[in-house]
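Enquirer: dropping a prediction and its sequence here:
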Amino acid sequence: GKNEYDLLVIGGGSGGLACAKEAAQFGRKVAVVDYVEPSPQGTTWGLGGTCVNVGCIPKKLMHQAALLGSALKDAQHYGWNISQPVHHTWSVMAQGVQNYVKSLNWGHRVQLQEKKVKYFNIKGSFSDPHTVRGLTKAGKETVVTADNIVIATGGRPKYPMDVAGALEYGITSDDLFWLKESPGKTIPLLMSDVSLECAGFLTGIGLDTTVMMRSVPLRGFDQAKKTISFTTQQQMASLVTEHMESYGTKFLKRCFPTKVEKLKSNRLQVTWKNADLDTEETDSFDTVMWAVGRAPNTKTLNLETVGVKTNSETGKIIVDASEATSVPHIYAVGDITEGRPELTPTAIAAGKLLAQRLFGQSSELMDYDNVPTTVFTPLEYGCVGLSEEAAVQRHGSDNIEVYHAYYKPLEFTVAERDATQCYMKMVCLREREQRILGLHFIGPNAGEVIQGFALGIKCGATYPQMMKTVGIHPTCAEEVTKLHITKRSGLDATVTGC
Amino acid sequence: SVQAHKEEDNPQKTMEVNGLTPVPHSYDYDLIVIGGGSGGLAAAKEAAKYEKKVMVLDFVTPTPQGSSWGLGGTCVNVGCIPKKLMHQAALLGQALQDSRKFGWQFTEEVKHSWMTMTESVQNYIGSLNWGYRVALRDKKVTYENAYGEFVGPHTIKATNKKGVEKLYTAERFIIATGERPRYLGIPGDKEYCLSSDDLFSLPYCPGKTLVVGASYVALECAGFLAGLGLDVTVMVRSILLRGFDQDMANRIGEYMEEHGVNFIRGFVPIKVEQVEEGTPGVLKVTAKSTTGDQMIEGEYNTVLLAIGRDPCTRKIGLDKVGVNINEKTGKIPVNDEEQTNVPYIYAIGDILQDKLELTPVAIQAGRLLVHRLYAGATTKCDYVNVPTTVFTPLEYGACGYSEETAVEKFGEANIEVYHSHFWPLEWTVPSRDNNKCYAKIICNIQDNERVIGFHVLGPNAGEVTQGFAAAIKCGLTKEQLDNTVGIHPVCAEV
């Protein structure tokens, strides 16, 4: 056709790159434009999107650093003689993490080159339904035309607009992972998956950390209807935060910030309202980090010009089951799309399937049901399927059975670690075959545990099938195959002995 | 099953049919379980739930080195539990090294204290022994720390430590006596060598160790001993992990070798002599090649034998009641309801012929057996697709067919193997072993590409494998696997 490319992908993140590389496999002419608008604090990064640069990857690595801190304590019980005190140096960790992320940026560029995908580091916006233009860093204008366009520009952290000083003095997750120096005494606000994960590892590496939350759970923090945001799971959220509290993270409950000011010492003073006591309180911190949700990156795309419809409330792009927008030949995948989970693996899968449908004669649509996920708080929470609340809502509490158990990981015994919050529950239909609707697990390596069970649920696993599966001993995961106490019975759900 | 029901109605009649003298109807117990291990205790506790009068006999014959232990069987005392804890100690040693790259700072030299670890482990085991005794008491199961052996139909003799003998009768029996490590039968083996029965309670650091054998026990022990900083050599007669997928077995061996474990392949020890007394002392091992006349010698502080386990079935009077055993292996053949050739005598756990030697299998078999005997259930133990994990330094989880067995059974053209190396995210920053972790699934092309084998080599292999085993139980196909979204970033998403 008259267009230069078969496919243009706007956004070089998880979804965008997966889609582009898949399309290239079919011998198509593909281009990717990626651009990172620096954060208000000036942070920027390379190709790869949120996950690689300011999301999953650095987050899990810093979580690992914190877990290793715990391991050092455990090790003494297992006979390792480590002289006290033990210190953590932020810059060593940050450099290790940042170097690895940079290697991934490099890897992505190499991959695009190998697959003959053209890459433009420009901030693209639509000028017509088949044309995107943008300026390179040097100021040169570039125009790209394509038969099909996929928007995968993701999201960026929000700032609270009603708190004075929020923008000038606060940072977000965009900045945290790239800090060269320790953030010191930090206050992540407000309670969300991101703030809890960050607070978790910051505490784990020895920093004084306080999480502020309006209430439990926090309305409006569900990222999308289909996201299993654990803040909607009251029971699981409580267990996770209880654990964090027992390990030193401070929580300010039922409080909300009103202003942030800079002190002469260069520290930051945060003022907040305590809703319970109806008082105003202050404290000073080295770092104020906002984690109040993410906003879709659509403002500079010029979507109105081409008529791509967005959700008026969230600003996200509305797509149908085939990832198509309201404009023919324009599609969207990933965090930018309305009603989808904000997860890397779903973006990747959706991006690949889209490319296969466009260029590979496939008609397979993305299945967004039963997507497993994990929150990497100090005590991890993994889940797949429906929450207990959602199951009750959908089927009625009389029609569901919840099997649950409090267990103790073997490794905690010698280490003398508290396992009070190690917990799992399986939500099943009560009738006939007792199909499993959801599985929830709090404990170490939650992601590793849940992944395989997610497969089972995809196969329509039932409670009897789970009970027929023999456990692997000794692991935490085997307890899933032994669940037998129901919430309904009111019996003590603590696992006892072999 | 029909036979069992008949017997339930009229045990006396069965006795007459067997040509044995009928025993009075009122037995001392409904059920006597011989062996207080994973299978035995599970069965006993379950039976008590149905208000049956149950007795458990458990007795540990001390090892040649004098080691003994409390109630709970192999798993709790000298198996899974201490093994995993010591494996964890070794993993923590590795974590210490990694942590430096993640910003943690502490002295360069870190030493490990065997005594601190062993004491902690033994304390925990002690709490489990105690827990079991309390559990039995609470459930009103009679427990005797005595050696049980059959002396006649429905009759068992229990001999305690002091040699006091008592006779008991029961309507039914479950044999769950498990196994003990095998010795080589060479000069010096019983006098100077240790087995896994001794290792976990050893009151001194084993020092430079020679592990003889290539079983999972040998490799797991060699693995954690090396991880704790000891000089370890493994002497292997032929192949590693016989019965396991050989590709995976070789990868495990390679990894161990790259991480400091020495391997001597193709040799068997022919004598062990003491050079120096001590705790530990110094032992001299002479070994002969399996392929020629070559002889080698080596000196070690400790020699650990891990060449296999033998069932405890030869000295429990099975001949007196006519229970058949495999004369060569000592294992007891049972039908698919765990019944021996004598209708009122059942067997579960490691002593069974052609069944898996795993704690969860023994527990499952024991519970289901009791349900069938006393609750009218019909569910039999499902021995198919039982998942397992080997806790070597690089852990190996598996469920279903090995590649070799799948090829043998279905033919190479009918199976598809999907595989991938992966690099755990947590290993990137400390620059650990890129491209060692590995996963493969074996699919049956003719049956909708059903997943018939799952193998993973990497950290937390047990946690990863468990869920996949459940999915395989549900008939997982490759398509369903492809349609399942991964959790990111974890190893299991591979």
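Expert: Thanks, I have the structure now.

Enquirer: give the contact list for the residue in chain B that chain A sits nearest to.
Expert: Going by CB to the nearest CB, chain A is nearest to residue B:467 of chain B, at 2.1 Å. No exception for glycine: its C-beta is placed from N, CA and C like everyone else's. Taking CB atoms under 8 Å, 6 or more residues apart in numbering or on different chains, we find residue B:467 in contact with A:449-456, A:477, A:480, B:492.

Enquirer: ok, 7 Å please
Expert: A:449-453, A:455-456, A:477 (CB atoms under 7 Å, 6 or more residues apart in numbering or on different chains).

Enquirer: tabulate those residues in CSV, adding columns for secondary structure, neighbour count and distance to residue B:155.
Expert: Formatted as CSV, these follow (DSSP: H, G, I helix; E, B strand; the rest coil; neighbours: other CB atoms under 10 Å in any protein chain shown; distance: CB to CB, whole Å):
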residue, secondary structure, neighbour count, distance to residue B:155
A:449, helix, 31, 48
A:450, helix, 30, 51
A:451, helix, 29, 52
A:452, helix, 29, 48
A:453, helix, 30, 48
A:455, helix, 26, 51
A:456, helix, 29, 47
A:477, helix, 32, 43
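
Enquirer: quick one: low-confidence ranges for chain B?
Expert: For chain B, residues meeting the criterion pLDDT under 70 lie at B:1-25.

Enquirer: domain-wise, how is it divided?
Expert: Domain segmentation of chain B under the TED database yields B:29-178+B:312-375, B:182-307, B:395-483.

Enquirer: what about the longest one, start to end distance?
Expert: When the termini of domain B:29-178+B:312-375 are compared using CA to CA, to the nearest Å, they are 17 Å apart.

Enquirer: got it, and stretch A:475-486?
Expert: In stretch A:475-486, first residue to last residue: 22 Å (CA to CA).

Enquirer: what comes up buried for that stretch?
Expert: Buried positions in stretch A:475-486, judged by neighbour count with 16 or more other CB atoms under 10 Å in any protein chain shown: A:475-483, A:485-486.

Enquirer: any idea of the mean pLDDT for that stretch?
Expert: Per-residue pLDDT over stretch A:475-486 has a mean of 92.

Enquirer: how near is the closest residue to chain B within chain A to residue A:376?
Expert: In chain A, the residue that lies nearest chain B is residue A:452 (2.1 Å; CB to the nearest CB). Distance, residue A:452 to residue A:376, by CB to CB, to the nearest Å: 18 Å.

Enquirer: residue B:422 now?
Expert: Residue B:422 is 18 Å from residue A:376, by CB to CB.

Enquirer: which of these two has more residues huddled nearby?
Expert: Neighbours per residue (other CB atoms under 10 Å in any protein chain shown) separate residue B:422 from residue A:376, with residue A:376 holding more: 25 against 19.

Enquirer: shaky segments in chain A?
Expert: For chain A (pLDDT under 70), the answer is A:1, A:215-233, A:497-498.

Enquirer: list the buried ones in the lengthiest helix in it?
Expert: Longest helix in chain A, counting residues (DSSP state H): helix A:90-114. Going by neighbour count (16+ other CB under 10 Å), the buried part of helix A:90-114 is A:90, A:92-94, A:96-98, A:100-101, A:104-105, A:108-109, A:112.

Enquirer: and chain B, which of those residues reach it?
Expert: Filtering the buried residues of helix A:90-114 for proximity to chain B by CB under 7 Å from any CB of the partner chain leaves A:90, A:92-93, A:96-97, A:100.

Enquirer: export the residues you listed to JSON lines and tack on distance to residue A:158?
Expert: Converted to JSON lines, those look like this (distance: CB to CB, whole Å):
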{"residue": "A:90", "distance to residue A:158": "26"}
{"residue": "A:92", "distance to residue A:158": "31"}
{"residue": "A:93", "distance to residue A:158": "27"}
{"residue": "A:96", "distance to residue A:158": "29"}
{"residue": "A:97", "distance to residue A:158": "24"}
{"residue": "A:100", "distance to residue A:158": "27"}
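
Enquirer: name the nearest of these relative to residue A:204.
Expert: For these, the residue nearest residue A:204 by CB to CB is residue A:93; the value is 11.0 Å.

Enquirer: how about that closest one: what's its closest non-neighbour residue?
Expert: Spatially, and ignoring its direct neighbours in sequence, residue A:93 is nearest to residue B:103 (3.3 Å; CB to CB, 6 or more residues apart in numbering or on different chains).

Enquirer: the one you found: neighbouring residues, count only.
Expert: Neighbours of residue B:103 (other CB under 10 Å): 25.

Enquirer: following the longest helix of chain A, which helix or strand comes up?
Expert: For helix A:90-114, the following helix or strand on the C-terminal side (DSSP states H and E) is strand A:118-120.

Enquirer: skip ahead from that next one and say which helix or strand is next.
Expert: strand A:123-128.

Enquirer: helices or strands next to that next one in the packing?
Expert: Here strand A:123-128 touches strand A:131-135, helix A:303-306, going by 3 or more CB pairs under 7 Å, 6 or more residues apart in numbering or on different chains; DSSP states H and E.

Enquirer: just the buried positions in the helix or strand following the longest one, please.
Expert: Meaning strand A:131-135. Later in the chain than strand A:131-135, the nearest helix or strand by DSSP H and E is strand A:141-151. With burial defined by 16+ other CB under 10 Å, the residues of strand A:141-151 counted as buried are A:144-151.
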